[in-house]
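Trainee: The sequence and its predicted three-dimensional model are supplied below.
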Amino acid sequence: MLAVGLASILCGVAYTGGPWPLGYHGLGDVFVFLFFGLVAVTTTYFVQAGRISAGAVVAGAAIGLLASNILLVNNYRDAETDAAARKMTLVVRFGRGFARAQFAASLCGAFAAPLVLLAAGWGPWCLLPLLAVPLAWSHARRLASVTAPSGQVALLGDTGKLLAVYAALLAAGALL
């Protein structure tokens, strides 16, 4: 637990600080996926169960994908100012088309996770997060069409809400 905590703190500091800031070199998405998804979920599961399960890893990956979409929307909105500041996010490096594809791929991965859990023997309640697919689809469409800063800020908040809805449905499904 101490190692996880120290690694989290070090990566948090290294995100914008140090000689080679991770967020300025296109690695922010990877570290959000790892630390807000895999590490957060599997460590929480480990504390409760005393072990790490494949289901916790799948759930952590889904949460990580949706968490990194929050950063992606933020970076999408800030692409021009990030480029001027030489903050080489994935959006700056590869463009908005790539970012839209990354956003959609992350959604697909997150919403495939309940199917993986069902195939692994979890009950049908694990499919509850699929109720949020229409909401997720609307976000993907909005990312492609919203250009006004106010619309992008709203999408940023809504992407966070999608993560919360998904997590609540996943937790409910796991409990049931």
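Mentor: Yes, it's here.
Trainee: got a list of contacts for the helix or strand containing residue 144?
Mentor: For residue 144, the host element (DSSP states H and E) is helix 133-145. For helix 133-145, contacts defined as CB atoms under 8 Å, 6 or more residues apart in numbering pick out 69, 73, 76, 99-100, 103-104, 107, 110-111, 151, 155, 158-159, 162, 165. The C-beta positions use only the backbone N, C-alpha and C, and glycine is treated the same way.
Trainee: Out of these, which end up buried?
Mentor: 69, 73, 76, 99-100, 103-104, 107, 110-111, 155, 158-159, 162, 165 (16 or more other CB atoms under 10 Å).
Trainee: Pick out the most distant pair among those residues.
Mentor: Largest separation among the buried ones among the contacts of helix 133-145 by CB to CB: 99 and 165, giving 22.3 Å.
Trainee: So which of the contacts of helix 133-145 are in helices?
Mentor: Judged by DSSP state H, these include 69, 73, 76, 99-100, 103-104, 107, 110-111, 151, 155, 158-159, 162, 165 as members of helices.
Trainee: What is the lowest-pLDDT residue among the residues you listed?
Mentor: In terms of pLDDT, the lowest of these is residue 151, showing 91.
Trainee: SS state for the most centrally placed residue in the chain?
Mentor: Centroid check for the chain by CA atoms, centre = their mean gives residue 67 as the closest residue, at 2.3 Å. Three-state assignment for residue 67 (DSSP: H, G, I helix; E, B strand; the rest coil): helix.
Trainee: Please report the distance of it from residue 50.
Mentor: 25 Å (CB to CB, to the nearest Å).
Trainee: and the helix or strand bottoming out on mean pLDDT in the chain, how far from the chain's centre?
Mentor: Among the helices and strands of the chain, helix 2-16 carries the lowest confidence by mean pLDDT, DSSP states H and E, at a mean of 82. With CA atoms, centre = their mean, to the nearest Å as the basis, helix 2-16 stands 18 Å off its chain's centre.
Trainee: Can you list the neighbours in contact with stretch 95-110?
Mentor: Residues outside stretch 95-110 that contact it (CB under 8 Å, 6+ apart) are 29, 61-63, 65-66, 68-69, 72-73, 75-76, 79, 90-91, 129, 136-137, 139-140, 143-144, 166.
Trainee: what's downstream of the least confident helix or strand of the chain, the next helix or strand?
Mentor: helix 28-32.
Trainee: who's in contact with that next one?
Mentor: Helix 28-32 has contacts (CB under 8 Å, 6+ apart) with 11, 15, 22, 64, 67-68, 70-72, 75, 89-90, 102.
Trainee: So for it, mean pLDDT?
Mentor: On average, the pLDDT along helix 28-32 is 92.
Trainee: Report the inter-axis angle for the helix or strand following that helix versus helix 2-16.
Mentor: Next helix or strand after helix 28-32 toward the C-terminus (DSSP H and E): helix 40-49. Orientation note: helix 40-49 sits at an angle of 160 degrees relative to helix 2-16 (axes from the mean of the first three to the mean of the last three CA atoms, to 10 degrees).
Trainee: Thank you, goodbye.
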